[in-house]
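K.L.:
no sequence for this one, just the structure:
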Ligand SMILES: [Zn+2]
């Protein structure tokens, strides 16, 4: 009787397995392109439907009637609503950084308004959209914003992200809150990598600190009520954030201080704490007062806040 030797059994088994694998793969190979093709068709048509829904969902036709893809400030002739409730729910913090390096308000050293917040980020850090919206501008400004992105949001705000090293969206793109729009950088008029972040309503710059609390990575309330007759320029002594819950909290106290020419040092204050309070940088304070950053301040000492 002919018997199979053990090695022969193995080799037969092996051959069977190889054949089965080939056969199986052939089946998969023949089916795969069809599956893939169907998936492509599906996703394209679904995407198209979704995009269309997003266009109507993401746009604010209440406040905005024009669509300008080159000029940041194009609302000179727009009529401001007497008051407008901005829905801050569904926000995303543009960066996880909690460090505000320069506040909103008048900069005596430069004799000009700083219409945003500077937040410390490093070149290459991801920057995300603050709310759902439609990208209006993706451009470069050598003497200002550097590489920047402007997004118009359904809640009425427009947000500006400046000094980016890379822009990752195009004008007309629909973006979701939290979607990456670019990378942090040091382009344009910038000294040290940071994100310059602006929040505007029909071109009126609102101190972003009234809406976003970077230190706590949160918004200041569910809603912010914009009033046309209120001064958001930072020159008023108090900027009061009104939330829908009726609570009020002052954020801009330090802005008023910037208006004065001198600053009297109190006990325990440092150049860093004064820089934080006045919205100036330590370097500017040093420059204005002819001192070094390591200088120990004495209570009662008078510092210059302007030239
Ligand atoms: Zn800035």
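P.N.:
Happy to help now that I have it. Note that this is a predicted model, so its numbers are computed, not measured.
K.L.:
Residue 70 against residue 139, yeah?
P.N.:
Yes. If you go by Cβ atoms under 8 Å, residue 70 and residue 139 touch, sitting 6.9 Å apart. Quick note: C-beta positions are derived from backbone N, CA and C, even for glycine.
K.L.:
what about the two, which has more around it?
P.N.:
Legend: neighbour count by other Cβ atoms under 10 Å for residue 70 and residue 139, higher for residue 139 (17 against 9).
K.L.:
in which helix or strand would I find that one?
P.N.:
Using DSSP states H and E, residue 139 falls within strand 133-141.
K.L.:
ditto for residue 197
P.N.:
Assigned by DSSP H and E, residue 197 falls in strand 194-201.
K.L.:
returning to that earlier point: the strand holding residue 139 and the ion, are they touching?
P.N.:
No. Shown here: strand 133-141 not in contact with the ion (Cβ under 5 Å from the ion), separated by at least 12.6 Å.
K.L.:
what element comes up after that strand heading to the C-terminus?
P.N.:
Using DSSP H and E, the next helix or strand after strand 133-141 towards the C-terminus is strand 146-153.
K.L.:
next helix or strand past that next one?
P.N.:
strand 157-164.
K.L.:
beta partners of whichever residue of the stretch 1-150 of the chain sits closest to the ion?
P.N.:
Closest contact between the stretch 1-150 of the chain and the ion, by Cβ to the ion, is at residue 118 (4.2 Å). Judged by DSSP bridges, the bridge partners of residue 118 are residue 102, residue 196.
K.L.:
Enumerate the residues of the stretch 1-150 of the chain near the ion.
P.N.:
When proximity is defined by Cβ under 5 Å from the ion, the stretch 1-150 of the chain lies next to the ion at 116, 118.
K.L.:
List the contacts of the residue of the chain found nearest the ion.
P.N.:
Taking Cβ to the ion as the measure, the chain has residue 196 as its residue closest to the ion, at 3.4 Å. Going by Cβ atoms under 8 Å, 6 or more residues apart in numbering, residue 196 touches 116, 117, 118, 145, 148, 160, 161, 162, 163, 190.
K.L.:
For the fifth one, list each beta-bridge partner.
P.N.:
In this case it means residue 148. Taking DSSP bridges as the rule, residue 148 bridges to residue 139.
K.L.:
Enumerate every residue touching it.
P.N.:
72, 137-141, 160-164, 167, 188, 196.
K.L.:
give me phi/psi at residue 216?
P.N.:
As for residue 216, its main-chain torsions (degrees, to the nearest 10) stand at phi -100, psi 0.
K.L.:
Tell me, how many residues neighbour the closest residue to it other than its chain neighbours?
P.N.:
What sits nearest to residue 216 in space, not counting adjacent residues and going by Cβ to Cβ, 6 or more residues apart in numbering, is residue 98, at 7.6 Å. Using other Cβ under 10 Å, residue 98 has 13 other residues around it.
K.L.:
What of residue 112?
P.N.:
Residue 112 has 9 nearby residues by other Cβ under 10 Å.
K.L.:
Quick check: chain neighbours aside, which residue is closest to it?
P.N.:
Leaving aside its sequence neighbours, residue 112 sits nearest to residue 106 (Cβ to Cβ, 6+ apart; 7.6 Å).
K.L.:
Would you mind confirming that that neighbour is in contact with residue 207?
P.N.:
No. Look at residue 106 against residue 207 with Cβ under 8 Å: they stay out of range, at 11.7 Å.
K.L.:
So between those two, which is more surrounded?
P.N.:
Here residue 106 and residue 207 are compared on neighbour count by other Cβ under 10 Å; more neighbours surround residue 207, at 24 against 18.
K.L.:
what's near enough to touch residue 205?
P.N.:
Applying Cβ under 8 Å, 6+ apart, the residues near residue 205 are 104, 113, 115, 116, 198, 199, 232, 233.
K.L.:
I'd assumed residue 213 was in contact with residue 93.
P.N.:
No. Using Cβ under 8 Å, residue 93 is not in contact with residue 213; the gap is 9.1 Å.
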